[in-house]
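Engineer: Dropping a prediction and its sequence here:
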Amino acid sequence: MLNILVPTDFSPLSKIASNFAVKIGCQLDGNITFIHVLTITEPVRVSMHEKMKKLADDMVRLAEHDLHRLIKDVSKNLEVSVPTKSVVVRSSDFVSTLNKESKRLRSGLIVMGTKGASGLKKAMLGSNTTSVIEGSHIPVLVVPDKARFKGFHDIVYACDMKDPERELKLLLPYAEKFDSVIHLVHVTSSGRKIEEVEDKMEKILQKLKAKNVATVVLLDDDIEAAIEQYISVNKASLLAMFTHKPTFIERLFDKSMTRKVAFHSSVPLLAFKKKK
């Protein structure tokens with residue numbers, strides 16, 4: 001049984017992700033834990049501690065009430081019944097709290113929402129989502145604001161070919177659960193590497209005895225655009241990528257491909273954390 005952790009701030013975007021998660025849980029006979037992380041800054045003045053404690057307690061009770069109402073509304077609107085529970089956590093660090101709670105609950109997936117943006121707005125809107133992608137020890141499903149769950153019939157696995165065998169092993173169980181076809185896609189700017197990559201892909205598929213996997217090598221200088229175009233042409237319903245925590249230089253030049261695609265993808269993004 002898959003335990004899905006769904007962080008929510010009760011915004012319209014987080015409600016879309018909540019609906020998405022419940023439908024996934026229903027299809028996989030899983031369960032859902034909705035979590036609201038309440039951030040309250042401790043006052044400097046000692047005289048304010050008691051007042052802040054009372055305010056915090058009131059906010060926790062209000063959040064618990066809103067979570068119960070959210071669960072009720074989602075179940076009613078979707079007309080489905082999935083085992084659900086809720087938790088409110090007071091913390092100063094959103095990402096570390098999700099990691100801690102996902103370990104405590106033995107969650108196998110985090111589902112969050114995101115909205116396409118650019119520039120400063122992009123950084124503000126997506127700070128939590130991208131931080132979770134970079135820091136989570138379990139897969140994170142990022143749901144665009146206009147996405148609606150209709151199953152995952154075709155999964156585009158955008159691969160950099162650095163560790164495709166291990167990554168494909170992690171992805172295959174998800175594809176099997178949804179009876180999906182995996183499109184193993186690699187984008188290169190060098191035409192000389194195409195045959196080499198294709199041969200490597202075929203050997204991996206033979207070794208893993210993987211079924212329902214198509215291999216594609218695309219020649220393009222713009223990886224992000226090539227992936228988006230392939231998704232559009234093939235009407236894929238999910239994009240899977242493996243990421244690692246960006247270095248300072250990568251953050252400076254915004255070269256984390258998973259981070260960039262999370263904002264521009266027209267379909268949900270399933271992000272796995274790369275091992276070092």
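Structural biologist: In hand now; what should we look at?
Engineer: Leu5 is in contact with Leu105, correct?
Structural biologist: Yes. At 6.5 Å, Leu105 and Leu5 qualify as touching, with contact defined as C-beta atoms under 8 Å. Where C-beta positions appear, they are placed from N, C-alpha and C, glycine not excepted.
Engineer: OK, contacts around Ala214?
Structural biologist: Ala214 makes contacts with 181-184, as judged by C-beta atoms under 8 Å, 6 or more residues apart in numbering.
Engineer: Could you look up the SS state of it?
Structural biologist: Three-state call for Ala214 (DSSP: H, G, I helix; E, B strand; the rest coil): strand.
Engineer: who does it bridge with?
Structural biologist: The bridge-partner assignment for Ala214, based on DSSP bridges, gives His183.
Engineer: next one: Phe272
Structural biologist: Phe242.
Engineer: Hmm, it is touching Thr243, no?
Structural biologist: Yes. Counting by C-beta under 8 Å, Phe272 touches Thr243, with 7.1 Å between them.
Engineer: The closest residue in space to Cys159 that isn't next to it in sequence and Leu5: what is the separation?
Structural biologist: With C-beta to C-beta, 6 or more residues apart in numbering as the criterion, Cys159 has its nearest non-adjacent residue at 5.2 Å, and that residue is His186. His186 is 31 Å from Leu5, where distance means C-beta to C-beta, to the nearest Å.
Engineer: likewise Arg166?
Structural biologist: 24 Å.
Engineer: These two: which is more packed in?
Structural biologist: Neighbour tally, Arg166 and Leu5, criterion other C-beta atoms under 10 Å: the higher count belongs to Leu5, 24 against 13.
Engineer: quick one: which helix or strand includes the residue nearest to the more buried one when sequence neighbours are not counted?
Structural biologist: Distances taken as C-beta to C-beta, 6+ apart place Ser107 nearest to Leu5, at 4.1 Å, with adjacent residues excluded. Assigned by DSSP states H and E, Ser107 belongs to neither a helix nor a strand.
Engineer: and Ser107, how many residues sit next to it?
Structural biologist: 26.
Engineer: Tell me if I'm right that it and Val140 touch.
Structural biologist: No. Contact criterion C-beta under 8 Å: Ser107 and Val140 do not qualify, at 10.7 Å.
Engineer: circling back to that earlier point, for the residue nearest to Cys159, helix, strand, or coil?
Structural biologist: Assignment for His186 (three-state DSSP): strand.
Engineer: For it, list the residues it contacts.
Structural biologist: His186 neighbours (C-beta under 8 Å, 6+ apart): 158-161, 197, 201, 216-218.
Engineer: Inside strands: which ones of those?
Structural biologist: 158, 216-218 (DSSP state E).
Engineer: Reformat those as a markdown table; add distance to Ala236.
Structural biologist: A markdown table is the format used below for those (distance: C-beta to C-beta, whole Å):
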| residue | distance to Ala236 |
| --- | --- |
| Ala158 | 11 |
| Val216 | 11 |
| Val217 | 17 |
| Leu218 | 14 |
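Engineer: Could you pull out the helices in this protein for me?
Structural biologist: For the chain, the helices defined by DSSP state H cover 12-27, 49-78, 94-104, 119-135, 164-177, 194-208, 223-234, 248-253, 257-264.
Engineer: for the record, mean pLDDT for the last one?
Structural biologist: Taken as a whole, helix 257-264 has a mean pLDDT of 58.
Engineer: sorry, back to before: need the max-distance pair from the ones in strands among the contacts of His186.
Structural biologist: Ala158 and Val217 (11.9 Å; C-beta to C-beta).
Engineer: which residues do those two both contact?
Structural biologist: With C-beta under 8 Å, 6+ apart as the test, Ala158 and Val217 both reach 185-187.
Engineer: Poorly predicted segments of the chain, please.
Structural biologist: Applying pLDDT under 70 to the chain picks out residues 40-50, 52, 115-127, 244-265, 275-276.
Engineer: Show me it divided up by domain.
Structural biologist: Partitioning the chain according to automatic domain parsing yields domains covering residues 3-144, 154-273.
Engineer: Quickly list what the spatially most central residue of the chain is bridged to.
Structural biologist: The centre of the chain sits closest to Leu141, judged by C-alpha atoms, centre = their mean, with a distance of 2.3 Å. In this entry, Leu141 is beta-bridged to Val111, Leu270, by DSSP bridges.
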